[in-house]
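Participant: Fold the following, please.
(4 chains)
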There are 2 protein chains.
Amino acid sequence: MVKSSSAAGAKVTIYDIAKLAGVNASTVSRALGNPGRVSDKTRKLVEHAAAELNFSINPLARALPTGRTGMVGLIVADITNPGYFDIIRGAQSAAAALGLTLVLAESSESGSTEVVVARRMQSSTDAIILATPRMSDPEIRALSGTKPVAVINRCVDGVDSVVPDVQPGIGEAVRHLASNGHQKIAFLSGSAQSWMSARRWDSFRSACDWTGREAQLIATTAPTAEGGRLAARDVIASGATAALCYNDLLAIGLMQELQAAKVNLPDEFSVVGFDNIFGSDFTTPALTTIASPFKDCGAAALGLLLAALPGAGLGPAPVRTVGPMDLRTTLVVRGSSGRLLTPAI
Amino acid sequence: MVKSSSAAGAKVTIYDIAKLAGVNASTVSRALGNPGRVSDKTRKLVEHAAAELNFSINPLARALPTGRTGMVGLIVADITNPGYFDIIRGAQSAAAALGLTLVLAESSESGSTEVVVARRMQSSTDAIILATPRMSDPEIRALSGTKPVAVINRCVDGVDSVVPDVQPGIGEAVRHLASNGHQKIAFLSGSAQSWMSARRWDSFRSACDWTGREAQLIATTAPTAEGGRLAARDVIASGATAALCYNDLLAIGLMQELQAAKVNLPDEFSVVGFDNIFGSDFTTPALTTIASPFKDCGAAALGLLLAALPGAGLGPAPVRTVGPMDLRTTLVVRGSSGRLLTPAI
DNA sequence: CTGAAAGCGCTTACAG
DNA sequence: CTGAAAGCGCTTACAG
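Facilitator: Numbering: from 1, shown residues only, chains lettered A, B, ... in the order given. A predicted model of the protein is given here:
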């Protein structure tokens, strides 16, 4: 077995490099971190020594004097939820591109454990992203007082927020349904406390108003496929010929139950989901859905955070809300929606 | 606005507590970390002071003297891949339960960036989990020389490995198909270099041998739905009446193309996937698939790592491979497989 | 049981 | 441009 000089064994520090290069450790630190504050010659000397010893800096040790850890935390309510997949991906890749490390944590849908998790992260991260947080607004503000915080999928006064604009997608969806002969459209809601669900319902109702269509709110037991199945009866009873669902899982469950009841999709009934989650095109017919740019949300949140980092200027940084112009939802038309052939008389 | 004593502002250190409690900082450290090495009275004193100041320890600062960071790294090839989600979830929840923080990174399917990512993690984590690594065996061994490493979905000599036992699930699947009248069964393979694909194919072939069925290997362009669609022609041409696919995405693509060609599932053809990914039950018919206990894999990997941590005894810890008994695959029968009604003469 | 000291690996004013 | 020193927040032998 070849044992190269870069053997994986002991940890090499800047002192080892200093010795090899014949300079002071502080010079090594500068050469590696602030090239330019060091002569070209020594820089090369140090770089060679570092390479020779296969040095890689200890970010934790660096974090102590500087306060910058190079890590950003991402807290999601439920790792299971496919809706978060893209947020995680977006944040992860944006972080990686910036040389930052993503620390992932889950709050298990609980506001109180979310607070605990956030506190734990506090000292080891440079900034924290809260995706669809369960904490209260004041708790979030408190957290953001100590460290840059960005919130995704919710608007919190005084805190950087990125929330996709639901209006364009919902407008498209309602127009799509209206132009296909649907007069009464149901909305299957998310959980009652959900900020997002309320927002989507509001936007939906206005869109219906503008289009002269009737909007019917239908409550669900849970924002899951099972919740969608259980809501099917109410949907049928409502007399609506189409449904927009708070999320894709609800839509998929609704479709399943409708099909079990021999309702023909989309000839007799149209279903539209929300989020365009992984697998929403696995169904037959494939699900029409409103896509949220979640990947971009993750990236955008990181962008806000980064802007909040270095300045540390005077007082709190200005609060920015990303949304309206950059992050718009769009309708993805697939097979589950279309012209109503058998209008309910 | 109520400004409690636990204001979120400045960071409080053990020195603040020491002052408030009227003891030395080292005593604070002991009281918080090693209660029992301190009198009950001072312990309470310190605890109260800590609570009063809303103290939370800085894990990074602790890491420097102890070498224990409280973080474990998880590197996956592709965060996009739904097959990894359960691994991430399993590792995340196991870590959380142990008070550890999960650091997530992605190698983008590239062995070389995987090495870079791993190096970067090296000094900030206590241990590293490689899920379906792209690094070479020697690279993995090198990494494991410096820090506990566990590998999921692959066997690497000299490195803790956890790989689900594919045999039980594949055996079940083949028996299921055989008993439903299928004589010739196709296997849609994954990528040619995939350790896992080779393993699954081998196991499948033996199962067919035992059962007296004919196994037919069919190469695919990529382990994706698109790959499955493109393979459909070869599958039909092969004369097989059923297919076991390397993963669910392939199976779903194959189903779509077969249905587009008016092949009736499962009456004329049976499709079985692998992994039971999220959404595999969204299809019509729902996909029969072999479930791997990926969540348990994540947890198991963490278990191995933990065992490797404290001992630091003499020489390398014994290598353990988790698999055979604990982590078995099982067949999940849904609608895409069943009795062959129109046997190919 | 508790204090004083040294050190973990790095950075950054401060001198020169 | 470079060195020597002090310090980031904690822990842990070492004395007492």
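Participant: List the contacts of residue A:291.
Facilitator: A:169, A:275, A:276, A:329, A:330, A:331, A:332 (C-beta atoms under 8 Å, 6 or more residues apart in numbering or on different chains). (Each C-beta comes from the backbone N, C-alpha and C, glycine too.)
Participant: what does residue A:111 give?
Facilitator: Counting by C-beta under 8 Å, 6+ apart, residue A:111 has contacts A:133, A:134, A:135, A:136, A:139.
Participant: Correct me if wrong: the second one contacts residue A:75.
Facilitator: To tie it back to what came earlier, the one meant is residue A:134. No: applying C-beta atoms under 8 Å, one finds residue A:134 not in contact with residue A:75, separated by 9.3 Å.
Participant: quick check, residue A:102 in a strand?
Facilitator: Yes: checked against DSSP: H, G, I helix; E, B strand; the rest coil, residue A:102 lies within a strand.
Participant: Contact partners for it?
Facilitator: Remark: with contacts taken as C-beta under 8 Å, 6+ apart, residue A:102 is in contact with A:71, A:72, A:73, A:74, A:91, A:92, A:95, A:96, B:103, B:104, B:105.
Participant: before we move on, back to that, residues shared between the contacts of residue A:134 and residue A:75?
Facilitator: A:107, A:114.
Participant: Excluding chain neighbours, what is closest to residue A:334?
Facilitator: residue A:286 (3.8 Å; C-beta to C-beta, 6 or more residues apart in numbering or on different chains).
Participant: Just to be sure, residue A:186 is in a strand?
Facilitator: Yes: note on residue A:186: a strand contains this position according to three-state DSSP.
Participant: need the contact list for it.
Facilitator: Contacts of residue A:186 by C-beta under 8 Å, 6+ apart are A:216, A:217, A:218, A:235, A:238, A:240, A:242, A:243, A:244.
Participant: Neighbour-wise, give me the winner out of the contacts of residue A:111.
Facilitator: Comparing the contacts of residue A:111 by number of neighbours (other C-beta atoms under 10 Å in any protein chain shown), residue A:133 comes first, having 27 neighbours.
Participant: if I've got this straight, that residue is in a strand?
Facilitator: No: under three-state DSSP, residue A:133 falls outside any strand and is assigned coil.
Participant: ok, it touching residue A:151?
Facilitator: Yes: using C-beta under 8 Å, residue A:133 is in contact with residue A:151, at 6.0 Å.
Participant: what's the overlap in contacts for the two?
Facilitator: residue A:140.
Participant: Quick check, pLDDT for residue A:59.
Facilitator: Listed pLDDT for residue A:59 reads 92.
Participant: gap between the residue nearest to residue A:134 when sequence neighbours are not counted and DNA strand C?
Facilitator: Leaving aside its sequence neighbours, residue A:134 sits nearest to residue A:111 (C-beta to C-beta, 6+ apart; 4.1 Å). Here the criterion is C-beta to the nearest atom of the strand, to the nearest Å. By it, residue A:111 lies 35 Å from DNA strand C.
Participant: so residue A:244, which of the three states?
Facilitator: Residue A:244 is classified as strand under three-state DSSP.
Participant: ok, and of the contacts of residue A:291, which contact DNA strand C?
Facilitator: Counting by C-beta under 7 Å from any atom of the strand, nothing from these sits close to DNA strand C.
Participant: Closest to DNA strand D out of the residues you listed?
Facilitator: residue A:275 (40.6 Å; C-beta to the nearest atom of the strand).
Participant: Verify the stated contact: the closest one with residue A:292.
Facilitator: Yes: Residue A:275 is within contact range of residue A:292, at 5.7 Å (criterion: C-beta under 8 Å).
Participant: Comparing the two, which residue is more hemmed in?
Facilitator: Under the criterion of other C-beta under 10 Å, the comparison of residue A:275 against residue A:292 puts residue A:292 first, with 27 against 23.
Participant: need the contact list for the more buried one.
Facilitator: A:164, A:166, A:169, A:274, A:275, A:276, A:327, A:329.
Participant: Tell me how far the nearest residue to residue A:100 once chain neighbours are set aside lies from residue B:111.
Facilitator: Distances taken as C-beta to C-beta, 6+ apart place residue A:72 nearest to residue A:100, at 5.4 Å, with adjacent residues excluded. Counting by C-beta to C-beta, to the nearest Å, the gap from residue A:72 to residue B:111 is 26 Å.
Participant: Nearest to DNA strand C within the stretch 101-250 of chain A, name that residue for me.
Facilitator: Going by C-beta to the nearest atom of the strand, DNA strand C is nearest to residue A:126 of the stretch 101-250 of chain A, at 13.4 Å.
Participant: Now that residue: phi and psi?
Facilitator: With angles defined as degrees, to the nearest 10, residue A:126 sits at phi -90, psi -20.
Participant: Run a quick neighbour tally on it.
Facilitator: With other C-beta under 10 Å as criterion, residue A:126 counts 20.
Participant: Hmm, it is touching residue A:66, no?
Facilitator: No: with contact defined as C-beta under 8 Å, residue A:126 does not reach residue A:66; the gap is 10.1 Å.
Participant: so what does the helix or strand hosting residue A:62 touch, helix or strand wise?
Facilitator: Residue A:62 is located in helix A:59-66, with elements delineated by DSSP states H and E. Contact here means 3 or more C-beta pairs under 8 Å, 6 or more residues apart in numbering or on different chains; DSSP states H and E; on that basis helix A:59-66 packs against helix B:59-66.
Participant: Using PDB, write out every CA atom in the helix it packs on.
Facilitator: Listed next in PDB are the C-alpha coordinates belonging to helix B:59-66 (Å, rounded to 0.1, in the frame of the first residue of the first chain):
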ATOM      1  CA  PRO B  59     -21.100  23.700  20.300                       C
ATOM      2  CA  LEU B  60     -18.300  25.000  18.100                       C
ATOM      3  CA  ALA B  61     -16.300  26.300  21.000                       C
ATOM      4  CA  ARG B  62     -16.800  23.100  22.800                       C
ATOM      5  CA  ALA B  63     -15.700  21.200  19.800                       C
ATOM      6  CA  LEU B  64     -12.200  22.700  19.800                       C
ATOM      7  CA  PRO B  65     -10.900  21.300  23.000                       C
ATOM      8  CA  THR B  66     -12.900  18.000  22.900                       C
END
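Participant: low pLDDT regions in chain A?
Facilitator: A:1-10, A:310-325, A:342-345 (pLDDT under 70).
Participant: could you pull out the helices for it?
Facilitator: Here chain A has its helices, by DSSP state H, at A:14-21, A:25-33, A:40-52, A:59-66, A:82-97, A:111-122, A:137-146, A:166-178, A:195-211, A:225-238, A:248-260, A:294-308.
Participant: roughly how far apart are the residue nearest to residue A:74 when sequence neighbours are not counted and DNA strand D?
Facilitator: Once flanking residues are discounted, residue A:74 sits nearest to residue A:129: 4.7 Å by C-beta to C-beta, 6+ apart. Using C-beta to the nearest atom of the strand, residue A:129 is found at 23 Å from DNA strand D.
Participant: how much space between residue A:129 and residue B:101?
Facilitator: 15 Å.
Participant: These two: which has the busier surroundings?
Facilitator: residue A:129 (29 against 26).
Participant: got the buried residues for stretch A:157-172?
Facilitator: Buried residues in stretch A:157-172, counting neighbours by 16 or more other C-beta atoms under 10 Å in any protein chain shown, are found at A:159-172.
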